[in-house]
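K.L.:
Just to be clear, the model below is a prediction. Sequence and coordinates:
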Amino acid sequence: MISIKNKKNGCVIAFATLLIATLFMPANLFSQAGGASVPFLRISPDARASGMGETGVAIADNANAVYWNPGGLAFLDYFNRGSEFEDPIPFRQVSLCGSPWLPQFNADLYYAYAAFVNHFEDIGTLAANFRFMNLGTFIRTDVNGQNKGEFTSNEFALSVAFGTQITSELGVGANLSYIRSNLTPSFNNQAAAIGNSASLDLGMLWKPQNLWFLKDNLSLGFNLQYLGPKITYISEADPLPTNLKMGFAYTLFKDEFNDLKIAVDFQKLLVNRDTLGGSDPVPISVFTAWQNKGIETAFGLEYWYEKIVAMRAGYFTEPSSLGGRHFWNLGAGFRYRIFQLDFGYILTIDQNHPLANTMRFSMLMDWK
């Protein structure tokens, strides 16, 4: 018998045990998480959205649109750096983000993200994206406690996306991803727990310009994420976290110096498992998963002063059937010429909550 210990604290931690054991769990134990693999794909990648309660599907106005809504890429033709610039600047932008993850586990987990977008006049916007989750370094030991070597676990996704305008008010986009999960290498004739898959996202962003009294203050977003085949580890196959995002954003007030926006997102995990541990494949699960109750809801506010300093707050909630997460988010941002720095913080009532004290930092940079 071989056991696995986390290198840092020398004990079998709950996260690692759950991570590897869930490959072989019966279906009734999947009820809270929905039974989806590679859950890191659902981590919001930027500190701005994190500070707004994990909202973004109806905003999607920077390089992170490749995650939140590829339909938003359609509108990234120019980037207004501030009032000191008379003319808008052709849009090219890089987004970078890094964060220690689930700090309460004390298990050296971290998340990293990078995205790049480039607009092509009269064609659309092309984007590339890389996401990486380090799951830690582990030590194998036998029943006598003897060290059988170390290994690292990680997961990553590499994506290419494109968005274009159908009309001046409607943008559509698609995101194609390659996904790889490296949980355990081969050992003593045991096969490696490594999985590969691919997925497709389909997004749409509608920004009506003359809709009654709303003028051009409203935007509506839709993103159907991770449509793809199951990912297989050894002999077990688990579905991707196919996910539907819908939401709206509305500018409550805007003048030369002030900009106040509200956003609301709804998410539905489209994974459906039966009592024997099986799961419906895509696209069947897109329809059958609605028999499972549970929609995640997020609310966010963002205030900019002179397009230089931003303050943000938000709230995220989900039903107990999905894990029962409830937390507040706080955030701030600073923009100077070609740079924007953002900070996000998860505020939980219970300081022992796994997400407590999670901080995210991200940076945007654009140029001609």
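P.N.:
Happy to help now that I have it.
K.L.:
my read: residue 361 touches residue 98, true?
P.N.:
Yes. The pair residue 361 / residue 98 is scored as a contact, 6.6 Å apart, by C-beta atoms under 8 Å. To be clear about C-beta, it is placed using only N, CA and C from the backbone, and glycine gets the same treatment.
K.L.:
Could you report the pLDDT at residue 326?
P.N.:
Looking at residue 326, its pLDDT reads 86.
K.L.:
Just list whatever residues bridge to the residue lying closest to it once chain neighbours are set aside.
P.N.:
Excluding the flanking residues, the one nearest residue 326 by C-beta to C-beta, 6 or more residues apart in numbering is residue 317, at 4.8 Å. Residues in a beta bridge with residue 317, per DSSP bridges, are residue 297, residue 326.
K.L.:
Now do the helices in the stretch 201-350 of the chain.
P.N.:
284-288 (DSSP state H, counting those that start in this stretch).
K.L.:
which stretches of the stretch 201-350 of the chain aren't confidently modelled?
P.N.:
Scanning the stretch 201-350 of the chain for pLDDT under 70 picks out the ranges 349-350.
K.L.:
change it to 80
P.N.:
210-215, 234-236, 274-278, 293, 320-324, 348-350 (pLDDT under 80).
K.L.:
how about residue 47, phi and psi?
P.N.:
phi -70, psi -30 (degrees, to the nearest 10).
K.L.:
if I read this right, the residue nearest to residue 326 contacts residue 297, doesn't it?
P.N.:
Yes. With contact defined as C-beta under 8 Å, residue 317 and residue 297 form a contacting pair (5.4 Å).
K.L.:
what about the two, which has more around it?
P.N.:
residue 297 (17 against 14; other C-beta atoms under 10 Å).
K.L.:
what's near enough to touch that one?
P.N.:
264, 265, 266, 267, 316, 317, 318 (C-beta atoms under 8 Å, 6 or more residues apart in numbering).
K.L.:
if I look at the nearest residue to the last one once chain neighbours are set aside, how far off is residue 330?
P.N.:
Of all residues not flanking residue 318 in the chain, residue 296 sits nearest, at 4.3 Å (C-beta to C-beta, 6+ apart). Applying C-beta to C-beta, to the nearest Å, one obtains 19 Å for the distance of residue 296 from residue 330.
K.L.:
Please say which of the two ends up with more neighbours.
P.N.:
Using other C-beta under 10 Å as the criterion, residue 296 and residue 330 rank with residue 296 on top: 20 against 17.
K.L.:
Pull up the gap between the most far-flung residue of the chain relative to its centre and residue 184, please.
P.N.:
Within the chain, residue 144 marks the point farthest from the mean C-alpha position, 41.1 Å out by C-alpha atoms, centre = their mean. Look at residue 144 and residue 184: by C-beta to C-beta, they are 21 Å apart.
K.L.:
Ok, residue 312 next?
P.N.:
Residue 312 is 39 Å from residue 184, where distance means C-beta to C-beta.
K.L.:
cool, residue 101 as well?
P.N.:
19 Å.
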